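1. got a predicted model here, sequence first, then my questions.
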Amino acid sequence: MLQRDPYLELLKKTLTGYVFPESAWQLMEPRDGERSPKAALRNRVLRFAGRNGIRLMKANRFDPERREYGEDWPSIAYTMVGLKRLDNVQAAIRQVVEENIPGDIVECGVWRGGCAIFAKAALRCYGANDRILWAADSFQGMPKPNPDKYSADTSAPDLSNSEYLEASLEAVRANFQRFDLLDENVRFLKGWFGQTLPTAPIDRIAVLRADGDLYESTMDILTNLYDRMSPRGFVIIDDYHSWPECKKAVDEFRGSRDIRAPLEPIDRMAVFWRVSH
């Protein structure tokens, strides 16, 4: 059973925006795929507002269950993974520390850094300050799907122009500093996964958290990092039940490696397994 540390519990609710009901409000962004006159007018208004430093929000009702399960996109938050997935990160880190499983903590796809910030806090709480936390991201938003190269991404939504999903490296570093959790053992890998992960100076991994959404991104994470996993380490897949492209990549990879460790549910979207090699 997960031990409830008051500091970590408060941190979860802060990082997810759970303590801010107004975090349910939604940033309104232009939608280039819509062609109606009403949509065109909406897009012109939003772009004009953006050029003048104005952001328009749609007031939504806060739903604590959706935030617990990470099923909405909070405006005021450092992570959108929800409370249950942060519980899973805490439990995984506690177990690798208690079981002396060697290796670093790696998150691929960090957005504003909230989940990685929480992982760093958990490492400190469990006295594992010698482990490195790696945060890998483009730090410029989502990649554009490439169905010509990966047919599995043919139906994937193109979110590459979403301002909401953009978070710069400077902003993420500042977020770590805001919680007094930035030190020499927090390392950043900036760039697309296919470019940074093959040569990333990571030796062993105890916990790997993959939040790549697309088939291409998920496969890049697994093919480049799985062989560095320590036995009994944790592989966490954020989007397994929410992005069919991610599920296909995971299933194909596990099949190609004859990975038979069961997929354990985390919430209604995410899963994990423990490495047996």
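-> Here it is on my side, so go on.
2. going forward, measure contacts between C-alpha atoms and count neighbours the same way
-> OK.
3. lowest confidence element among the helices and strands of the protein?
-> Lowest mean confidence among the helices and strands of the chain (mean pLDDT, DSSP states H and E): strand 26-27, at a mean of 84.
4. now for that strand, which elements pack on it?
-> When contacts are defined as 3 or more C-alpha pairs under 8 Å, 6 or more residues apart in numbering; DSSP states H and E, strand 26-27 packs onto strand 57-58.
5. who touches the strand it packs on?
-> Contacts with strand 57-58, where a contact means C-alpha atoms under 8 Å, 6 or more residues apart in numbering, come from 25-28.
6. mark which of those residues are buried, thanks.
-> 25-26 (16 or more other C-alpha atoms under 10 Å).
7. nearest to residue 140, of the contacts of strand 57-58?
-> Checking the contacts of strand 57-58 against residue 140 with C-alpha to C-alpha, the nearest one is residue 27 at 17.7 Å.
8. what is the neighbour count of the closest residue to that closest one other than its chain neighbours?
-> Nearest residue to residue 27 in three dimensions, chain neighbours excluded: residue 57, at 4.6 Å (C-alpha to C-alpha, 6 or more residues apart in numbering). Using other C-alpha atoms under 10 Å as the criterion, residue 57 is surrounded by 13 other residues.
9. for the one 5 residues further on, same thing?
-> Other residues near residue 62 come to 17 when the count uses other C-alpha under 10 Å.
10. equivalent analysis for residue 102, please.
-> So residue 102, with other C-alpha under 10 Å, has 18 neighbours.
11. that one: what secondary structure?
-> Put simply, residue 102 is coil when judged by DSSP: H, G, I helix; E, B strand; the rest coil.
12. ok, it to residue 261 distance?
-> Residue 102 is 19 Å from residue 261, where distance means C-alpha to C-alpha, to the nearest Å.
13. quick one: the helices in the protein?
-> 6-15, 37-51, 64-68, 82-98, 114-125, 169-178, 193-196, 215-225, 244-256 (DSSP state H).
14. CSV for those, including mean pLDDT, mean neighbour count and distance to residue 139?
-> Below are the helices of the chain laid out as CSV (pLDDT from 0 to 100; neighbours: other C-alpha atoms under 10 Å; distance: least, C-alpha to C-alpha, whole Å):
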stretch, mean pLDDT, mean neighbour count, distance to residue 139
helix 6-15, 97, 17, 18
helix 37-51, 86, 14, 20
helix 64-68, 96, 17, 24
helix 82-98, 97, 21, 21
helix 114-125, 98, 23, 14
helix 169-178, 98, 16, 5
helix 193-196, 96, 18, 11
helix 215-225, 97, 21, 14
helix 244-256, 97, 17, 20
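15. any chance of those in JSON lines, plus distance to residue 272?
-> Shown next, in JSON lines, are those (distance: least, C-alpha to C-alpha, whole Å):
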{"stretch": "helix 6-15", "distance to residue 272": "20"}
{"stretch": "helix 37-51", "distance to residue 272": "39"}
{"stretch": "helix 64-68", "distance to residue 272": "18"}
{"stretch": "helix 82-98", "distance to residue 272": "9"}
{"stretch": "helix 114-125", "distance to residue 272": "16"}
{"stretch": "helix 169-178", "distance to residue 272": "25"}
{"stretch": "helix 193-196", "distance to residue 272": "20"}
{"stretch": "helix 215-225", "distance to residue 272": "13"}
{"stretch": "helix 244-256", "distance to residue 272": "11"}
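16. quick one: closest of the ones you listed to residue 143.
-> Nearest to residue 143, of all those, is helix 215-225, at 8.5 Å by C-alpha to C-alpha.
17. only C-alpha atoms, please: export the closest one in CSV.
-> Written as CSV, here are the backbone C-alpha positions of helix 215-225 (Å, rounded to 0.1, in the frame of the first residue of the first chain):
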residue,chain,number,x,y,z
TYR,A,215,3.6,5.6,-32.6
GLU,A,216,6.9,7.1,-33.8
SER,A,217,7.7,8.8,-30.5
THR,A,218,6.7,5.8,-28.4
MET,A,219,8.8,3.4,-30.5
ASP,A,220,11.8,5.8,-30.4
ILE,A,221,11.6,5.7,-26.6
LEU,A,222,11.4,1.9,-26.3
THR,A,223,13.9,1.0,-29.0
ASN,A,224,16.5,3.3,-27.7
LEU,A,225,16.1,3.0,-23.9
